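K.L.:
give me a 3D structure for the following:
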Amino acid sequence: MLVADPAAPRADGREPVDVAVGVLIDTDGRFLLTSRPPGKVYAGYWEFPGGKVEHGESVEQALRRELREELGITIDAARPWHETLVDYPHALVRLHFCQVFAWHGAFEMREGQAMAWQTLPVQVRPVLPGTVPVLGWFAAERGFSGATHAAVTPDH
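P.N.:
Predicted coordinates:
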């Protein structure tokens, strides 16, 4: 898995899939992670919720749709935060991370996933590789030093 500059041209000709990602942050500064549902690539790994940007959608429109479909919530403003390119064995993805500070509705895990409010260091594991840069951004912004998460062990 390689994290690269999202604006860099692709030598291998693969086009990245754009993915809108919600970094929900509560009033205590905790952030929401959800597990990847059974049957999906990296099932059981923890990530920030979101999904593919469909043709004709903006990142914010996709994020609103995905969080409603996956979590049953309606978000208020989504603030663009960071963008990164992740080269997974199964897909090249351009992750558009947006911070969300307000939402409405009760959380419903509609895809059989789990959810956990976290701080640094993250206690859930394993963490999806595309999530790791976000933990580093949080650490830098919050003046946190040390490991942001547990490394993946052979049983994961």
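
K.L.:
residues contacting the residue nearest the centre of the chain?
P.N.:
To find the centre residue of the chain, average its C-alpha atoms and take the closest one (C-alpha atoms, centre = their mean): that gives residue 48, at 2.8 Å. Contacts for residue 48 (C-beta atoms under 8 Å, 6 or more residues apart in numbering) come out as 21-24, 31-34, 97, 131, 134. All C-beta atoms are positioned from the backbone trio N, CA, C, and that covers glycine.

K.L.:
pLDDT added to these, as JSON lines?
P.N.:
Supplementary listing: the contacts of residue 48 in JSON lines, determined by pLDDT from 0 to 100:
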{"residue": "21", "pLDDT": "98"}
{"residue": "22", "pLDDT": "98"}
{"residue": "23", "pLDDT": "98"}
{"residue": "24", "pLDDT": "98"}
{"residue": "31", "pLDDT": "98"}
{"residue": "32", "pLDDT": "98"}
{"residue": "33", "pLDDT": "98"}
{"residue": "34", "pLDDT": "98"}
{"residue": "97", "pLDDT": "98"}
{"residue": "131", "pLDDT": "95"}
{"residue": "134", "pLDDT": "95"}
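
K.L.:
let's see which of those residues end up in strands.
P.N.:
Under the assignment DSSP state E, these contribute 21-24, 31-34, 97 to strands.

K.L.:
max pairwise distance over the residues you listed: which two?
P.N.:
34 and 97 (14.4 Å; C-beta to C-beta).

K.L.:
higher neighbour count, these two?
P.N.:
residue 97 (25 against 22; other C-beta atoms under 10 Å).

K.L.:
for the closest residue to residue 139 other than its chain neighbours, phi and psi?
P.N.:
Leaving aside its sequence neighbours, residue 139 sits nearest to residue 148 (C-beta to C-beta, 6 or more residues apart in numbering; 5.3 Å). Residue 148 adopts backbone torsions of phi -90, psi -20, taken as degrees, to the nearest 10.

K.L.:
among the contacts of residue 48, which two are most distant?
P.N.:
Of all pairs drawn from the contacts of residue 48, the one with the longest distance (C-beta to C-beta) is 34 and 97, at 14.4 Å.

K.L.:
looks to me like residue 84 is in a helix.
P.N.:
No: Residue 84 is assigned strand when assessed by DSSP: H, G, I helix; E, B strand; the rest coil, not a helix.

K.L.:
for it, give the beta-bridge partners.
P.N.:
residue 95 (DSSP bridges).
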